[in-house]
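Q: next one to model:
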Amino acid sequence: MQRRTKIVATLGPATDDLGVLTEMIRAGLDVARLNFSHGAQQDHERRIELVRAASARAGKIVGLLADLGGPKIRIESFRDGSVQLAEGDAFALDPRLGADAGTSREVGIAYDNLHRDVRPGDTLLLADGQILLDVRSVDGPRVETVVRVGGELSNRKGLNRQGGGISAPALSDKDRDDIRFAAAQQIDYVAVSFARDANDIREARARLRESGGQGRIVAKIERHESVQNLPAILDETDVVMVARGDLGVEMGYAELTGLQKTILHQARNKFRVAITATQMMESMIQNPVPTRAEVSDVANAVMDGTDAVMLSAETAVGRYPVKAVEAMAHVIAGAEKYQLAHARARHRNDGHFSRTDEAIAMAVMYTANHMRVRAIVALTESGSTALWMSRIRSDIPIYAFTRHAATSRRVTLYRGVYPVAFDVTQSDTAHVQASIFARLLELRLVEPGDHVIVTSGALTGVAGGTNSMHILEVTRG
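A: You can find the predicted model right below:
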C-alpha cells in the first residue's frame, strides 16, 4: 500500500548537496519548501534548480512551495549578542534605538507601530513564548514593560501579542517582490504568512496572477485573527497550513490540539488541502531518531486527515535531513494502517453538488469504496477532479493522468493522489483505454484482471470538464 499522506520538507544549508536532496526525495519528500524568511532570491533560485535536478535523478515529480516571510515582528540586536532577563526587571521596546544598541534594559524593534497595537495590561511574548513581558505603559513609540517570565534573549527574536491584534499587513514590499520571483520561477504553491482575513489571500492571488504565476495559494493559520476569520479564508484559499509555532504563542499552547483538529476538519469540509507544520520532529535537528511524543504528534495529524506534514529546521539545518524524511514516512505508514478501519467516511451525503466534476468525483469514491477496485485514474487538465476525490478517505490510490507538468507538481500535495505523465492525443475511446492500461502496467500499479475506475471529460484540454466515469477491467495489449 502506498503512503497517502504527503511530506513537505524545508530546504536549507543541510540540503544544498545534490546527493543529499536526491536521497531525501527517494526517502519520501513530495514537496520542497523554500523559506523566504531567510536567504536572498539567488539562494532560492539555486535551490529550485537543485530540486529539479534531484527530482530528475530520483525519477519522481516534486512540487515547490514558496513560503513568504510576512510581517514577522522582531526585536533588533543586542550590543553583546544576548541579555539575561529576570522576573520583575524593567525592559523597554523602542523603534528609535539603533539596530545593535540593545541592553538588558531596552532593545530596538523592527516595527514602528507596536505602540499603536498595545496598551497597559497587555502581554507580549518573545522567542516563541519563552519570555513574557507585561506592558506597563506606552510613551510615544516606546513601550515600557515588566518581565513576567525571564531567560536569555538573543538577537532578532520574534514578538507576538497574546490574543493577537498586531496590525501589520500580511504582505510587505519584500513579499510582493518575492511573489513576482515565485511567478517567474513557476512555483507551484505560495504561502501567505500571518494571513489575517480573506482579503490577504485575494491580494496574494491577484499579485501572483498579475505576474504571470499560476501557482496555488496557501493561507498560514498563525494569527488569532485568522482563526476568527477561518471560514472566509477557506472560501478564498486553496490550501491551509496549521502553523503551530506562532499560533500557539498567540492562542496559547493549551488550545493547539483542538485548533489543529478544528482547522483540519473545516478544511476538508470545504474541499481544501491542509498541511500540519512546526516542530513535528524537532529533536531530529540533533538526533537520528524522533521522540515517542513526536511520533504520536505526526501520527495524530495523519489520522485527523491532514494532506501533508511538514519538516522545517529538521531538514533545513538539521544533522540528519534524510533520516528525518525517512522517519516521517515510516510514522505516516504506521498511522495509516490504523486509519483504514474508518477509511470509508460518510461525506457529502446531503445537500446538492454545484459542479459536474464534483458529482462525478463523489460517485467514483462511493463506488470505489463499495466494490473491489485496484486504482482510480483521473484524466485531468487542472487536477480538480483528483482533488475532489482525495477529500474522501479511502485506501484506493488516485492517479492523476495529465499532460501538464504544472498539474503533475500540484497534485503532489494532495493526499492519496499520485501524478502520472500522460498525453491524451487520441479521441478514440478504445485506444485511450488501452493506453491507460499500458501505462498502469508499465508502472506496475495494476495487474491484468484488476478493476479500475477512469474519469474523463468529453472535451480534452478543458479544465473542470470531467463528466463521466467508467469501471474497466485491465487487459494487456
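
Q: domain assignment for the chain?
A: Domain assignment for the chain, taken from automatic domain parsing, gives 6-70+169-340, 82-161, 356-473.

Q: turn those into CSV, including mean pLDDT, distance to E76 and mean neighbour count.
A: For the C-beta atoms, the positions are set from N, CA and C on the backbone; glycine is no exception. Converted to CSV, the domains of the chain look like this (pLDDT from 0 to 100; distance: least, CB to CB, whole Å; neighbours: other CB atoms under 10 Å):
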stretch, mean pLDDT, distance to E76, mean neighbour count
domain 6-70+169-340, 96, 16, 20
domain 82-161, 95, 3, 17
domain 356-473, 88, 37, 19
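
Q: any idea how far the closest residue to D200 other than its chain neighbours is from E203?
A: Computed as CB to CB, 6 or more residues apart in numbering, the closest residue to D200 that is not its neighbour in sequence is A170, at 3.9 Å. Separation of A170 from E203 (CB to CB, to the nearest Å) stands at 8 Å.

Q: same deal with N35?
A: As for N35, its distance to E203 is 21 Å (criterion: CB to CB).

Q: geometric centre of this protein: which residue is closest?
A: With distances taken as CA atoms, centre = their mean, I275 lies nearest the centre of the chain, 4.0 Å away.

Q: SS state for that residue?
A: When the structure is split into helix, strand and coil by DSSP: H, G, I helix; E, B strand; the rest coil, I275 lands in strand.

Q: gap between it and G383?
A: The separation that I275 has from G383, given CB to CB, amounts to 17 Å.

Q: pretty sure V146 is touching G88, no?
A: Yes - if you go by CB atoms under 8 Å, V146 and G88 touch, sitting 6.6 Å apart.

Q: which helices and strands does the strand or helix carrying L132 pack with?
A: When secondary structure is defined using DSSP states H and E, the element that contains L132 is strand 131-139. For strand 131-139, the elements it packs on are strand 123-126, strand 142-149, judged by 3 or more CB pairs under 8 Å, 6 or more residues apart in numbering; DSSP states H and E.

Q: which strands border it, and is each parallel or antiparallel?
A: Strand pairing for strand 131-139, using DSSP bridges, gives strand 123-126 (antiparallel), strand 142-149 (antiparallel).

Q: who touches it?
A: Outside of strand 131-139, the residues within contact range by CB atoms under 8 Å, 6 or more residues apart in numbering are 85, 90-91, 115, 118-126, 143-151, 153.

Q: just to check, A368 is in contact with A375?
A: No - under the criterion of CB under 8 Å, A368 lies out of contact with A375, with a separation of 9.0 Å.

Q: what ranges do the strands span in the stretch 101-250 of the chain?
A: Across the stretch 101-250 of the chain, reading from the start of the chain, the strands by DSSP state E, counting those that start in this stretch fall at 106-107, 123-126, 131-139, 142-149, 151-154, 159-161, 189-192, 216-221, 239-243.

Q: so which of these gets nearest V317?
A: Relative to V317, the nearest member of those by CB to CB is strand 151-154, separated by 16.1 Å.

Q: what residues are shared contacts of A368 and A375?
A: Listed contacts common to A368 and A375 are I396, I453; contacts here mean CB under 8 Å, 6+ apart.

Q: any chance of the helices and strands packed on strand 131-139 in a markdown table, plus distance to A53?
A: Output for the helices and strands packed on strand 131-139, formatted as a markdown table (distance: least, CB to CB, whole Å):
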| stretch | distance to A53 |
| --- | --- |
| strand 123-126 | 40 |
| strand 142-149 | 47 |
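
Q: out of these, the one nearest V239 is which?
A: Here strand 123-126 is closest among the helices and strands packed on strand 131-139 (CB to CB), at 26.9 Å.

Q: the residue nearest to the centre of the chain reaches G305, doesn't it?
A: No - with contact defined as CB under 8 Å, I275 does not count as touching G305 (12.0 Å).

Q: that older thread, may I have the beta-bridge partners of the residue nearest to the centre of the chain?
A: M241, A308.

Q: please tell me how far it sits from K261.
A: Distance of I275 to K261, computed by CB to CB: 15 Å.

Q: pretty sure G165 contacts R116?
A: No - checked against CB under 8 Å, the pair G165 and R116 is beyond contact range at 10.2 Å.

Q: so what sits against both of the two?
A: Shared contacts of G165 and R116 (CB under 8 Å, 6+ apart): none.

Q: quick one: end-to-end length of stretch 67-74, please.
A: Across stretch 67-74, the terminal residues are separated by 18 Å (CA to CA, to the nearest Å).

Q: relative to the whole chain's centre, how far out is it?
A: 16 Å (CA atoms, centre = their mean, to the nearest Å).

Q: residues contacting it, please?
A: Applying CB under 8 Å, 6+ apart, the set of residues contacting stretch 67-74 from outside is 33-37, 109-111, 114, 156-160, 166, 168-172, 174-175, 178-179, 190-194, 204, 218, 220.

Q: hmm, 7 Å instead?
A: For stretch 67-74, the external contacting residues (CB atoms under 7 Å, 6 or more residues apart in numbering) are 33-37, 110-111, 156-159, 166, 168-170, 172, 174-175, 178, 190-194.

Q: do a quick rundown of the helices in the stretch 51-200 of the chain.
A: 114-117, 173-184, 198-210 (DSSP state H, counting those that start in this stretch).

Q: er, the stretch 201-350 of the chain I mean
A: Secondary structure of the stretch 201-350 of the chain by DSSP H, counting those that start in this stretch: the helices cover 224-228, 230-236, 244-251, 256-269, 292-303, 313-316, 321-339.

Q: in a markdown table, list these along with distance to D357.
A: Formatted as a markdown table, these follow (distance: least, CB to CB, whole Å):
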| stretch | distance to D357 |
| --- | --- |
| helix 224-228 | 29 |
| helix 230-236 | 19 |
| helix 244-251 | 33 |
| helix 256-269 | 18 |
| helix 292-303 | 27 |
| helix 313-316 | 35 |
| helix 321-339 | 26 |
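
Q: go through the ones you listed and name the closest to R26.
A: The closest approach between R26 and any of these, judged by CB to CB, belongs to helix 321-339 at 8.6 Å.

Q: and the helix or strand where V20 lies with helix 321-339, angle?
A: V20 is located in helix 18-27, with elements delineated by DSSP H and E. Between the direction of helix 18-27 and that of helix 321-339, the angle (axes from the mean of the first three to the mean of the last three CA atoms, to 10 degrees) works out to 10 degrees.

Q: next structured bit after helix 18-27?
A: Where DSSP H and E defines the elements, the next helix or strand beyond helix 18-27 is strand 31-35.

Q: with just CA atoms, put that next one into PDB.
A: What follows is strand 31-35, C-alpha atoms only, in PDB (Å, rounded to 0.1, in the frame of the first residue of the first chain):
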ATOM      1  CA  VAL A  31       7.000  19.000  -1.800                       C
ATOM      2  CA  ALA A  32      10.100  21.100  -1.200                       C
ATOM      3  CA  ARG A  33       9.600  24.300   0.800                       C
ATOM      4  CA  LEU A  34      11.600  27.500   0.200                       C
ATOM      5  CA  ASN A  35      11.600  29.600   3.400                       C
END
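
Q: this completes my enquiry, with thanks.
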